[in-house]
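Visitor: Can you look at this prediction? I've put the sequence above it.
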Amino acid sequence: MKLTNNISIYRFFTNLFFVLLLSSSPLIFSQSFSQAPTKAARIKSTLLPEIATVSENIVYKTGKKGTPVTLDLYTPKNASIDKLPVLIYVHGGGWIEGDKVVYTDNYLENTIVKLMAKQYAVISINYTLLNESTHFPLPLDDTKDAIRWVRKNAEEYNFDIHNIGLFGASAGAHLSLLAAYTPDNTFLGSPDLSSYSAKVNYVVDHYGPADLNKLFHTRLGVIPVSMIGRISKKIVILQQNLVKGLSGYDIKKDQDRAIDYLKTISPITYAENGVPTLIVQGNKDKIVPLSQSKKLYRKLKRAKVETSLIIIDNGVHSFSTTDKSTLDKMTDQMVDFIISQKK
C-alpha cells in the first residue's frame, strides 16, 4: 500500500509540476492545456484568403448570458462539387482561453490548405470559456451546437450533412471527443438547434485529455494529498482549481461529487459508443501524458471502434518543436484519414 501511494505521489508531481510551470492566470491553469505552451507573436493567416472563401464571425448561437458565439467558415474557391463535406475545428487553451483564429505558418493552416484542395468546408469555432462562475457543460453544449448548426444551415452553405467530422487540439480535442461520443440527445444547448442531430462520422484528437480523474489525480486519498501539500502547496492548489474550474465542485469538500462529475465529462467514459478516431500525440508531452492517448486507444480497440494512434517522436504539447517535414507528413496522414471516412 505504501509503495502504491508513493507511485501515485510521484506521478502526481511528474504531471502537475510541468503544468504548474506553465500556469500564469488567476485561475492558475490558464496555460495548462493550451494549444501552444509558450506565448509568441502570431500572425493571422494570409494564405487562406487567397485559396478559400472566408466568412468570419458567423453567429451560430447565443450563449447563456446572451452573448453571441461565433465561427469562421472556409470553403474552396470555385468549388466543383454540389455538397461539401465538413470538418469542424475546436481550438485549445485549457478551456479558458484561445479562439478560432487560424494563424500563419502552422500545421492547422497547412491542414486547411490541403482540405481546400480536396473540396472540404472547414469551420473553426469559438465556444464558451470557463471562469470562476462558468463551468461545464457549456463548452460541450456549444461544440455539439456547432454540429447542429451545420445541419440547420446545410442548404444555404452547400454542406454535406452525411459527412461531418471533428478535429480538436488539447482542450479542443477533449471537447471534440466528448461531442463525438456522447449520445445525440445529450448536452443540448440552444433550443433553436436542439431538433438537429449532432452526430459526426469521425474525430481527430490531438493530445486531448481522455480521463480527467486520472489526469488530475482526484482519487488520491487525504494522506497522500497532505504529504504533497507539505512539500508544495501550489501543486495542491493547482489540482483543486483545475477540478473546480471544470466541474464547479470543491474537491476538498465534495471529492465524490467532483470525481463523479469529471467522469461524465471524460471521453474514456463513452468510448464504447465512439466513432472512428485518429489520435495524434508526442511522446515528450509534459502537459497531457501520452498515457491518456494510449488508454483511449486501448479502450476504443476493445470496443472494436476504428482507431489509430500516431506518436510523434520527441513531440511536445502543441508540436511546437517538431520540424516542418514531420508536421507535413502528419497532416498528410490526417487528411488521408479524413478522406477515408467520407461516405
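Guide: Noted; the coordinates are in hand.

Visitor: Assign residue 95 to helix, strand or coil.
Guide: Per DSSP: H, G, I helix; E, B strand; the rest coil, the local secondary structure of residue 95 is coil.

Visitor: Let me see the confidence value for it.
Guide: What the model reports as pLDDT for residue 95 is 93.

Visitor: contacting residues for it?
Guide: By CB atoms under 8 Å, 6 or more residues apart in numbering, the residues touching residue 95 are 33, 129-130, 139, 171, 174, 245-246. Quick note: C-beta positions are derived from backbone N, CA and C, even for glycine.

Visitor: now, which of these sits nearest residue 319?
Guide: The shortest gap between residue 319 and any of these belongs to residue 33, at 14.3 Å (CB to CB).

Visitor: next SSE after the helix or strand harbouring residue 263?
Guide: Using DSSP states H and E, residue 263 sits within helix 255-264. With elements assigned by DSSP H and E, the helix or strand that comes after helix 255-264 is strand 277-282.

Visitor: so what strands line up beside that following strand?
Guide: strand 202-206 (parallel), strand 307-312 (parallel) (DSSP bridges).

Visitor: Point out the most buried one among the ones you listed.
Guide: strand 202-206 (a mean of 28; mean count of other CB atoms under 10 Å).

Visitor: what separates it from the chain centre, distance-wise?
Guide: Offset of strand 202-206 from its chain centre (CA atoms, centre = their mean, to the nearest Å): 9 Å.

Visitor: Residue 196 is nearest to which of the strands paired with strand 277-282?
Guide: When the strands paired with strand 277-282 are compared by CB to CB, strand 202-206 sits nearest residue 196, at 18.5 Å.

Visitor: Report the secondary structure state of residue 162.
Guide: What three-state DSSP gives for residue 162 is strand.

Visitor: Wait, it touches residue 343, no?
Guide: Yes. Contact criterion CB atoms under 8 Å: residue 162 and residue 343 qualify, at 5.4 Å.

Visitor: and the two? which has more neighbours close in?
Guide: Each of residue 162 and residue 343 has its neighbours counted (other CB atoms under 10 Å); residue 162 has more, 12 against 7.

Visitor: pLDDT at that one, what is it?
Guide: For residue 162, pLDDT reads 98.

Visitor: what sits against it?
Guide: For residue 162, the contact set (CB under 8 Å, 6+ apart) comprises 201, 343.

Visitor: do you know how far it is from residue 98?
Guide: Computed with CB to CB, to the nearest Å, the distance linking residue 162 and residue 98 is 30 Å.

Visitor: quick one: least confident of the contacts of residue 95?
Guide: Minimum pLDDT for the contacts of residue 95 is recorded at residue 33 (46).

Visitor: Quick check: neighbours shared by residue 162 and residue 343?
Guide: residue 201.

Visitor: Can you tell me who residue 70 pairs with across the strands?
Guide: With DSSP bridges as the criterion, residue 70 is bridged to residue 59.

Visitor: Make residue 1 into 7 and carry on from there
Guide: Right, with 7 as the first residue, what we last looked at is residue 76.

Visitor: can I assume it is in contact with residue 61?
Guide: No. Applying CB under 8 Å as the test, residue 76 and residue 61 come out as separate, 10.5 Å apart.

Visitor: Can you pick out the residue with more neighbours from the two?
Guide: Using other CB under 10 Å, the more surrounded residue of residue 76 and residue 61 is residue 76, with 17 against 13.

Visitor: Next one, pLDDT for residue 45 please.
Guide: Note for residue 45: predicted pLDDT of 56.

Visitor: residues near the closest residue in space to residue 209 that isn't next to it in sequence, how many?
Guide: Ranked by CB to CB, 6 or more residues apart in numbering and with sequence neighbours excluded, the top spatial neighbour of residue 209 is residue 186, at 4.1 Å. Neighbourhood size, residue 186 [other CB under 10 Å]: 28.

Visitor: Report the secondary structure state of residue 186.
Guide: Taking three-state DSSP as the rule, one finds residue 186 in the helix state.
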